[in-house]
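**Q** Need coordinates for the following:
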Amino acid sequence: MSGKNAEKLQQWEARKSQYTNTWKTGLMASPCADPLCCCAALWCGCCTSWYMRKKAMHGSLEGYTCCNGAFPCSGKCGESACPEACLCLETCCCFGTSVAVTRWMIQDELHIQNTQCDNCIIGTMIFFQQLACICNIIACLTDNDEIELIAEVIDLIAELLWWTVCACMQTQHHVQLNDRDKNGGGGVQQVPRANEIQGQVPPGYPAPQQQMGANYNPQGYNPQGQPAGYPQVQAPGGYPPQQGYPPASYPPQQGYPPASYPPQQGYPPASYPVQQGMAR
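**A** Numbering: from 1, shown residues only. As a prediction, the model looks like this:
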């Protein structure tokens, strides 16, 4: 797998599980959140998709590539020379892809994850699209009028779902982008993970030094609250005691060593060593 494909796969996985934020409004509530945009997206979806892509790129198409690099031909269609015209062709010829690419761009920028309800609505739309395609193939192979009628009904349901969901998606994008621009380009704040929360101490751990009282001494032991009977331990700054240690009487100034030590007289004894009997 190439590096570009591996990067896109990682982004796809991140959208499903790693992103922590949610959309400003859900798909079901988006028509009520912005009715004018929903009507424009329903009756003129291609124009709305063009506008949404430019808005997602912060009002400038500089650096635009067709379908945001989703296809091998992306970046090779002269987008740098005339990005507006290339985006127009993208939204007209690949309308569904243009809407999906804009959605992925917003999700990657703001770290937004779809809700379960949104995923269910999008999945239902895709299911009916696939079912309509299968029914049309069967109708062509069998040339059966009843199957062909069923295929037409399912195809109609799929088309209604397609345009309705796409309109709701673009309205959802518009609400989200408006919120982003209103907050200076960062409409959604990142939800911190458990290991990124600052200033909180896990239970059982000592509080930081700045949260201690004024009597906290990091270099010594605070003797307050010691059990009775334990010696009072002083901080290293007060050891050894400056006064009263060593005792004034140590070593004794008088009487030590004894004046008679070593004895000046009678030591060694006159009889030691024996003087008599040794000389000839």
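**Q** Just the residues contacting stretch 157-169, thanks.
**A** Residues outside stretch 157-169 that contact it (Cβ atoms under 8 Å, 6 or more residues apart in numbering): 27-28, 30-31, 38, 41-42, 45, 95-96, 99, 103, 121-122, 124-125, 128-129, 131-132. C-betas here are computed from N, CA, C, even on glycine.
**Q** Emit the PyMOL select command for whichever of the residues you listed are buried.
**A** Those of the contacts of stretch 157-169 that count as buried under 16 or more other Cβ atoms under 10 Å are selected in PyMOL with:
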select buried, resi 27+30+31+38+41+42+45+95+99+103+121+122+125+128+129+132
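**Q** Show me the contacts of stretch 157-169 that map onto strands.
**A** Using DSSP state E, no member of these falls in strands.
**Q** Show only the entries of the contacts of stretch 157-169 found in helices.
**A** Under the assignment DSSP state H, those contribute 30-31, 38, 41-42, 45, 95-96, 99, 103, 121-122, 124-125, 128-129, 131-132 to helices.
**Q** Would you map the helices across the stretch 101-250 of the chain?
**A** 116-142, 145-182 (DSSP state H, counting those that start in this stretch).
**Q** Quick one: list the elements packing against the first one.
**A** With contacts defined as 3 or more Cβ pairs under 8 Å, 6 or more residues apart in numbering; DSSP states H and E, helix 116-142 has these neighbours: helix 145-182.
**Q** Can you tell me how far the spatially closest residue to residue 154 that is not a sequence neighbour is from residue 149?
**A** Setting aside the residues directly before and after it, residue 154 is nearest to residue 132 in space (Cβ to Cβ, 6 or more residues apart in numbering), at 4.7 Å. Going from residue 132 to residue 149 by Cβ to Cβ, to the nearest Å gives 13 Å.
**Q** try residue 84
**A** Residue 84 is 44 Å from residue 149, by Cβ to Cβ.
**Q** Residue 122 too?
**A** 28 Å.
**Q** and what of residue 180?
**A** Distance of residue 180 to residue 149, computed by Cβ to Cβ: 47 Å.
**Q** Over to residue 31?
**A** Computed as Cβ to Cβ, the residue 31 to residue 149 distance reads 31 Å.
**Q** now swap in residue 34 and tell me
**A** 38 Å.
**Q** next one: residue 155
**A** Residue 155 is 11 Å from residue 149, by Cβ to Cβ.
**Q** And residue 181, by the same measure?
**A** Separation of residue 181 from residue 149 (Cβ to Cβ) stands at 48 Å.
**Q** just residue 134 next, same as before
**A** From residue 134 over to residue 149 the distance is 15 Å, taken as Cβ to Cβ.
**Q** do residue 58 as well
**A** Taking Cβ to Cβ as the measure, residue 58 falls 49 Å from residue 149.
**Q** Same check on residue 133?
**A** The value you get for residue 133 to residue 149, if Cβ to Cβ is used, is 16 Å.
**Q** Three-state assignment for residue 80, please.
**A** At residue 80 the chain is in coil, as set by DSSP: H, G, I helix; E, B strand; the rest coil.
**Q** what about the nearest residue to residue 57 once chain neighbours are set aside, how many neighbours?
**A** Spatial nearest neighbour of residue 57, excluding adjacent residues (Cβ to Cβ, 6+ apart): residue 64 at 6.7 Å. Using other Cβ atoms under 10 Å, residue 64 is surrounded by 19 other residues.
**Q** Show the contacting residues for residue 64.
**A** Shown in contact with residue 64 (Cβ under 8 Å, 6+ apart): 53, 57, 79, 83, 86-87.
**Q** Low-confidence regions, this structure specifically.
**A** Low-confidence segments of the chain (pLDDT under 70): 1-17, 185-280.
**Q** Could you list the alpha-carbon positions for stretch 58-68 in PDB?
**A** Written as PDB, here are the backbone C-alpha positions of stretch 58-68 (Å, rounded to 0.1, in the frame of the first residue of the first chain):
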ATOM      1  CA  HIS A  58     -11.900  29.400   4.200                       C
ATOM      2  CA  GLY A  59     -13.100  31.300   1.200                       C
ATOM      3  CA  SER A  60     -10.100  30.600  -1.100                       C
ATOM      4  CA  LEU A  61      -9.600  27.800  -3.700                       C
ATOM      5  CA  GLU A  62      -5.900  28.100  -3.500                       C
ATOM      6  CA  GLY A  63      -4.500  24.600  -3.400                       C
ATOM      7  CA  TYR A  64      -7.700  23.000  -4.600                       C
ATOM      8  CA  THR A  65      -7.500  19.600  -6.200                       C
ATOM      9  CA  CYS A  66     -10.400  17.700  -7.800                       C
ATOM     10  CA  CYS A  67     -12.200  15.700  -5.100                       C
ATOM     11  CA  ASN A  68      -9.500  16.600  -2.700                       C
END
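**Q** Kind regards, and thank you for your time.
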